[in-house]
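# Build me a model:
(chains A and B)
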Amino acid sequence: NAGVTQTPKFRILKIGQSMTLQCTQDMNHNYMYWYRQDPGMGLKLIYYSVGAGITDKGEVPNGYNVSRSTTEDFPLRLELAAPSQTSVYFCASSYSGLAGAYNEQFFGPGTRLTVL
Amino acid sequence: ELKVEQNPLFLSMQEGKNYTIYCNYSTTSDRLYWYRQDPGKSLESLFVLLSNGAVKQEGRLMASLDTKARLSTLHITAAVHDLSATYFCAGRIQGGSEKLVFGKGTKLTVNP
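Numbering: from 1, shown residues only, chains lettered A, B, ... in the order given. Okay, the predicted model is just below:
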């Protein structure tokens, strides 16, 4: 199993550009998440999905969009990039459905995005 | 609203010493997670604590959970340089959403 994979690893955008961060998991997890990590601030949840076709906002959704057409993929779209979106983005997945299960989230390697 | 607070945020310790990282959370959380992050890397799951009084140990790390005090601790025994990393605790929001709230992390540096 590759686990959770993310592309690209690094990206530099100009203000106003758009891009899509890709995330794929091969563990048949139903839940998927997007976080951003800023220095000294921990992780903040941007969006999450409980299954194909179902997404919901997290703590910091403004400026982002998501879709989930398959169990495996959960892309994050940045429209009109702003310097405030400079961050490291992590995708994660987990399985929820078994009583008493740990439901721990497994993280991808991250995408380091700079907006200039 | 669940809030998670870790302390200290920075910890510099000598090899061979013991220390504890504290994780307080503001409202009821039914699950507490500890993760490790090496510089420039992703997060790796260390422990999942499900119930009051839960204690888990892996090598020199031991995590515990006191739900009444809303406190989890990560105890480091006889630290070694390889334990240098940032450690995060995260509480799960009750209600079936599977959403986690993370603390800001504790950056641990173990000096020879």
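
# From here on, just use CA atoms for contacts and neighbour counts.
Noted.

# Closest approach to chain A from chain B, which residue is it?
Going by C-alpha to the nearest C-alpha, chain A is nearest to B:Lys104 of chain B, at 4.0 Å.

# give the contact list for the nearest residue in space to that residue that is not next to it in sequence.
Using C-alpha to C-alpha, 6 or more residues apart in numbering or on different chains and skipping the chain neighbours, the partner closest in space to B:Lys104 is A:Gly42 (4.0 Å). Applying C-alpha atoms under 8 Å, 6 or more residues apart in numbering or on different chains, we find A:Gly42 in contact with B:Phe88, B:Phe102, B:Gly103, B:Lys104, B:Gly105.

# among the residues you listed, which are in strands?
B:Phe88, B:Phe102 (DSSP state E).

# and the two most separated of the contacts of A:Gly42?
Within the contacts of A:Gly42, B:Phe102 and B:Gly105 form the most distant pair, 7.9 Å apart (C-alpha to C-alpha).

# what is in contact with those two at once?
A:Gly42, B:Phe88, B:Cys89.

# how deep is the second one tucked in, by neighbour count?
Applying other C-alpha atoms under 10 Å in any protein chain shown, we find 29 residues neighbouring B:Phe88.

# how near is it to B:Ser45?
10 Å (C-alpha to C-alpha, to the nearest Å).

# which residues are in contact with both of the two?
Shared contacts of B:Phe88 and B:Ser45, defined by C-alpha under 8 Å, 6+ apart, are found at B:Trp34, B:Tyr35, B:Arg36.

# Let's have the residues you listed in JSON lines, adding neighbour count, distance to chain A and pLDDT.
Converted to JSON lines, these look like this (neighbours: other C-alpha atoms under 10 Å in any protein chain shown; distance: C-alpha to the nearest C-alpha, whole Å; pLDDT from 0 to 100):
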{"residue": "B:Trp34", "neighbour count": "25", "distance to chain A": "10", "pLDDT": "97"}
{"residue": "B:Tyr35", "neighbour count": "19", "distance to chain A": "10", "pLDDT": "97"}
{"residue": "B:Arg36", "neighbour count": "21", "distance to chain A": "11", "pLDDT": "98"}
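
# Reformat those into CSV and put secondary structure and distance to A:Pro109 next to each item.
Shown next, in CSV, are the shared contacts of B:Phe88 and B:Ser45 (DSSP: H, G, I helix; E, B strand; the rest coil; distance: C-alpha to C-alpha, whole Å):
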residue, secondary structure, distance to A:Pro109
B:Trp34, strand, 18
B:Tyr35, strand, 14
B:Arg36, strand, 13
